[in-house]
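[1] sequence and predicted structure are below.
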Amino acid sequence: MTDTKIGFVGFGLIGGSIARAMRISSPHIQIHVYTRRKNPDLEAGVQEGVIDRLLYEIDDSFSDFDIIFLCAPVLTNIEMLRKLKPLIRENCIITDVGSVKGNIHKEAALLGIEKNFIGGHPMAGSEKTGYANSSARLLKDCYYLLTPTEQTAEANVNRLKAVLSCTESNFVILDPKLHDAVTAAISHVPHIVAAALVNMVQSNDDENEYMKSFAAGGFKDITRIASSSPEMWESICLSNKNSICTLLDQLNAILHEIQKAIEEENGEAVRAFFKSAGDYRNSMTKNINN
């Protein structure tokens with residue numbers, strides 16, 4: 001893999017972490033990064049030896065790449081797919097790291113590049129963003145979901161896995177529609193809930209900011225992800241709106257039921273509500289710890 005040329009479009013926490021792992025595993029691999037403007041963090045990445053070259057245009061340079069990673073917000077990735085279509089060579093693999101797959105798979109089909117595209121979603125992250133917070137170990141032991149198209153050759157899936165093996169992730173193949181339903185439930189709606197809780201506290205706090213001052217372990221644990229990038233979550237919510245809105249309807253119904261039980265002082269229903277949640281959450285412990 002010493003002659004492999006890798007292109008990145010966007011280079012934040014996830015893209016940077018993948019590249020760092022690649023650089024350690026294959027020091028002679030070529031890593032080229034497209035960025036719209038000069039960025040001191042990325043220039044530092046060149047100085048560190050993680051990045052071989054910074055690119056400021058989507059141009060013929062991308063015709064040389066074996067694999068291209070789209071690491072921008074999900075709607076921007078779709079735009080970049082259109083720009084790359086006339087540039088890539090026949091055996092180039094294009095993959096992304098976004099948490100929504102339906103829209104980008106649809107675009108790959110419309111562009112006629114399904115054989116080149118393999119959706120990707122590393123299930124790892126942090127409330128911190130940007131290349132400066134990336135780590136070669138960020139994806140270790142996480143699930144890395146892959147969503148090939150019907151035209152994707154198995155050999156290309158294996159090529160991508162081989163390049164990404166340096167991350168030490170656990171690869172799972174999923175249908176794109178199933179992927180979006182799963183991620184809406186375990187990632188997208190929880191981020192919305194976390195942000196809603198923070199906004200609720202903010203709107204109810206007084207001038208002394210007692211709520212803000214006294215917020216401790218439990219509140220901080222369940223709202224940590226509310227600090228994530230607003231731009232990224234705007235893009236995700238608008239891209240996966242059907243799955244998200246379906247689940248929000250269900251969540252609203254659940255909240256209505258527990259509100260009703262509390263209002264009616266129905267202790268049995270309240271207890272059953274928490275017991276059911278606790279039992280299922282405890283059954284997740286092994287997966288969460290891993």
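    That came through fine.
[2] can you give me the helices in the stretch 151-290 of the chain?
    Counting by DSSP state H, counting those that start in this stretch, the stretch 151-290 of the chain has helices at residues 154-164, 176-183, 189-204, 210-214, 217-223, 230-239, 241-263, 267-283, 285-289.
[3] give me the mean pLDDT for the fifth one.
    Which is helix 217-223. For helix 217-223, mean pLDDT is 89.
[4] that one - contacts with which helices or strands?
    On a contact count with 3 or more C-beta pairs under 8 Å, 6 or more residues apart in numbering; DSSP states H and E, helix 217-223 meets helix 189-204. C-beta here means a position set from N, CA and C on the backbone, and glycine is covered the same way.
[5] CA atoms of the helix it packs on as PDB?
    C-alpha atoms of helix 189-204 as PDB (Å, rounded to 0.1, in the frame of the first residue of the first chain):
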ATOM      1  CA  VAL A 189     -32.600  12.100  18.400                       C
ATOM      2  CA  PRO A 190     -30.300  11.900  21.500                       C
ATOM      3  CA  HIS A 191     -28.400  15.000  20.300                       C
ATOM      4  CA  ILE A 192     -31.700  16.800  19.800                       C
ATOM      5  CA  VAL A 193     -32.900  15.800  23.300                       C
ATOM      6  CA  ALA A 194     -29.600  16.900  24.800                       C
ATOM      7  CA  ALA A 195     -29.800  20.300  23.200                       C
ATOM      8  CA  ALA A 196     -33.500  20.600  24.200                       C
ATOM      9  CA  LEU A 197     -32.600  19.900  27.900                       C
ATOM     10  CA  VAL A 198     -29.900  22.600  27.800                       C
ATOM     11  CA  ASN A 199     -32.200  25.100  26.200                       C
ATOM     12  CA  MET A 200     -34.900  24.200  28.800                       C
ATOM     13  CA  VAL A 201     -32.600  24.900  31.700                       C
ATOM     14  CA  GLN A 202     -31.300  28.100  30.000                       C
ATOM     15  CA  SER A 203     -34.800  29.500  29.600                       C
ATOM     16  CA  ASN A 204     -35.800  28.600  33.200                       C
END
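[6] contacting residues around that helix?
    Here helix 189-204 makes contact (C-beta atoms under 8 Å, 6 or more residues apart in numbering) with 211-212, 215, 219, 222-226, 228, 233, 236-237, 244, 247-248, 251.
[7] cutoff 7 Å now
    With C-beta atoms under 7 Å, 6 or more residues apart in numbering as the test, helix 189-204 has contacts from 211, 222, 223, 225, 226, 228, 233, 244, 247, 248, 251.
[8] with adjacent residues omitted, what lies nearest to the first one?
    Leaving out its chain neighbours, the residue that sits closest to residue 211 by C-beta to C-beta, 6 or more residues apart in numbering is residue 205, at 4.2 Å.
[9] tally of neighbours for the one you found?
    Neighbourhood size, residue 205 [other C-beta atoms under 10 Å]: 14.
[10] ok, now how distant is it from residue 212?
    According to C-beta to C-beta, to the nearest Å, residue 205 stands 6 Å off from residue 212.
[11] so residue 237 is in contact with residue 247, correct?
    No. Judged on C-beta atoms under 7 Å, residue 237 makes no contact with residue 247 at a distance of 11.8 Å.
[12] any low-confidence regions in the stretch 1-150 of the chain?
    Under the criterion pLDDT under 70, the flagged ranges of the stretch 1-150 of the chain are 1-2, 127.
[13] would you map the strands across it?
    5-9, 30-34, 53-55, 67-70, 93-96, 117-122, 143-148 (DSSP state E, counting those that start in this stretch).
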